[in-house]
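Peer 1: Prediction below, plus the sequence it came from.
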Amino acid sequence: MPEVIPSAVRRTAFALTASLALLTTACTGQSGSGATDDASAETTINFWHAWSAPNEVKAVGALVAGFEKAHPNIHVRVVGNMTDDKINQALRSGGDRAPDVISSFTTNNVGEFCSSGALADLNPFFEKSHIDPATTFPKAMNEYTRFDGVRCAAPLLGDAYGLYYNKTAFAKAGITHAPKTWSEFEADAKKLTVPRGDGYRQLGFMPDYHGWESTTEHYFGQFSPTYFGKDGRSALASDPAFEKGFALQKRLVGELGGFQRLEKFRATLGDEWGPRHPFHTGQVAMQLDGEWRLGMALDAKPKFEIGVAPLPVPDDQEKQYGKGYITGTITGIAATSRKQNAAWELVKYMTTDTDAVVGFANDIHNVPSTLAALKSPKLKYDPRFKTFLDIAADPRSTTTPPSVNGGQYLVTIQQLGYDYESGKVTDLKAGLRKTAAQIDTDIAQAK
């Protein structure tokens with residue numbers, strides 16, 4: 001892994017902000033308007049993406065070069081470092097320089113892209129190419145690329161979340177294997193915690209929601225929650241998975257020293273994306289994180305052996321151990337494009353050609369986004385990386401569903417998490433009901 005912040009990580013940082021920005025700039029294009037061009041004719045299409053690090057830009061260039069070699073009549077003009085806000089403004093305006101194909105880090109925006117008509121419905125394109133998305137893509141990735149019957153995106157590499165652990169610290173504490181259930185995890189976290197003064201010499205796990213990647217959706221993913229009922233209303237107060245997820249995190253906060261002590265310690269720790277990340281330094285013994293962390297941790301040359309495993313599951317779901325939370329990059333075709341058939345050839349190549357997907361995954365160290373690519377012998381990876389390949393392929397792995405107002409509902413849930421862990425909210429059931437009502441109100445206003 002490179003030392004720069006990976007694309008998958010940057011998505012986590014700005015995804016929710018970008019999805020809110022889209023609310024005020026939604027496109028109203030018609031997805032069927034541009035699929036009349038001749039994809040066999042000489043043509044040039046525009047591809048806008050968000051990658052910006054030198055190694056990533058080089059990898060995108062290699063991916064596009066492979067496409068142009070296979071389709072010598074289609075030339076691709078590539079524009080990088082594009083946020084969703086910039087992309088959406090261009091989708092609204094159209095024109096020769098506007099994107100025909102876009103790529104976004106923010107799966108949270110799929111609901112808005114699909115419902116607004118900003119991106120073309122890809123269902124007819126998959127059908128005419130005789131490609132079944134349900135058997136091509138992992139289940140979670142297949143789910144987060146469609147909304148309300150419209151498939152306006154396709155997965156372009158993915159991210160899987162698992163557990164990193166300090167095997168040296170585990171051995172010293174007499175722990176022989178990674179925890180499979182949350183009760184085992186709690187016991188291990190306490191064993192691995194070594195207090196020092198009003199802080200810690202070693203903390204078993206940083207449970208706070210302001211911690212690194214320990215967001216509500218990452219915790220809840222292991223409980224396989226249902227975010228919305230069949231009526232489209234929030235299930236936050238009715239699905240017990242959410243109460244169990246909040247209760248687990250709150251219990252961990254209490255067992256590991258309390259919110260104030262943990263927050264004080266957190267303020268002393270290194271940056272999430274730098275070599276002084278507390279897992280790299282051994283200050284935190286277990287870390288919830290994505291596949292990119294392995295390379296970053298190895299680059300930091302830690303003084304211990306790194307272990308990788310799936311995140312634990314609830315005790316009554318032990319047979320589902322191996323699943324995880326999935327997200328990723330998506331790509332789609334601009335509804336305003338007059339070259340949608342040529343654009344589809346690029347989208348199809350980037351997302352369904354096994355060698356292309358494998359090569360891109362090898363270059364930027366993300367998880368492949370097709371079931372065939374996940375099994376390809378051409379994949380190059382550290383043996384520990386296979387944990388994330390298995391999580392991505394597991395049909396029980398989960399994701400957060402698209403919504404008409406993007407990730408706003410996740411922001412609202414996360415705020416409840418902040419208030420509950422800090423003691424501002426003491427009645428969890430009442431907090432869940434109030435938050436569910438707010439989510440329903442926000443969605444109704446966005447329609």
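Peer 2: Nice, thanks for sending it over.

Peer 1: Quick check, pLDDT for the spatially most central residue of the chain.
Peer 2: Centroid check for the chain by CA atoms, centre = their mean gives Thr327 as the closest residue, at 2.8 Å. pLDDT for Thr327: 96.

Peer 1: helices or strands next to the longest helix seen in the chain in the packing?
Peer 2: Criterion DSSP state H: the longest helix present in the chain is helix 428-446. Helix 428-446 sits against helix 240-255, helix 408-422, with contacts defined as 3 or more CB pairs under 8 Å, 6 or more residues apart in numbering; DSSP states H and E. C-beta: built from backbone N, CA, C; applies to glycine.

Peer 1: Mind checking these for the one nearest to Ser115?
Peer 2: Closest to Ser115 of the helices and strands packed on helix 428-446, according to CB to CB: helix 408-422, at 13.5 Å.

Peer 1: What's the separation between Asn88 and Leu157?
Peer 2: Using CB to CB, to the nearest Å, Asn88 is found at 22 Å from Leu157.

Peer 1: chain center to the longest strand anywhere in the chain: distance?
Peer 2: Ranked by residue count and defined by DSSP state E, the top strand of the chain is strand 154-166. How far strand 154-166 lies from its chain's middle: 7 Å, per CA atoms, centre = their mean, to the nearest Å.

Peer 1: ok but His75 is inside a helix, no?
Peer 2: No: using DSSP: H, G, I helix; E, B strand; the rest coil, the secondary structure at His75 is strand, not a helix.

Peer 1: Settle this for me: it is touching Thr44, isn't it.
Peer 2: Yes: using CB atoms under 8 Å, His75 makes contact with Thr44 at a distance of 4.4 Å.

Peer 1: buried sites along the longest helix of the chain?
Peer 2: For helix 428-446, a neighbour-count test (16 or more other CB atoms under 10 Å) marks Leu428, Gly431, Leu432, Lys434, Thr435, Ala436, Gln438, Ile439, Asp440, Asp442, Ile443, Ala446 as buried.

Peer 1: so what's Leu203 bridging to?
Peer 2: Note on Leu203: beta-bridge partners Val284, judged by DSSP bridges.

Peer 1: hey, C-alpha coordinates of the longest strand of the chain in CSV?
Peer 2: Taking C-alpha atoms only, strand 154-166 is exported to CSV below (Å, rounded to 0.1, in the frame of the first residue of the first chain):
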residue,chain,number,x,y,z
ALA,A,154,-22.0,-0.6,-11.2
PRO,A,155,-19.3,-1.5,-8.6
LEU,A,156,-15.7,-0.5,-9.5
LEU,A,157,-13.6,-2.2,-6.8
GLY,A,158,-14.8,-2.5,-3.2
ASP,A,159,-13.8,-2.1,0.4
ALA,A,160,-14.4,-4.7,3.2
TYR,A,161,-14.1,-4.1,6.9
GLY,A,162,-12.4,-6.6,9.3
LEU,A,163,-10.4,-6.8,12.5
TYR,A,164,-6.7,-6.1,12.8
TYR,A,165,-5.0,-7.4,15.9
ASN,A,166,-1.6,-7.4,17.6
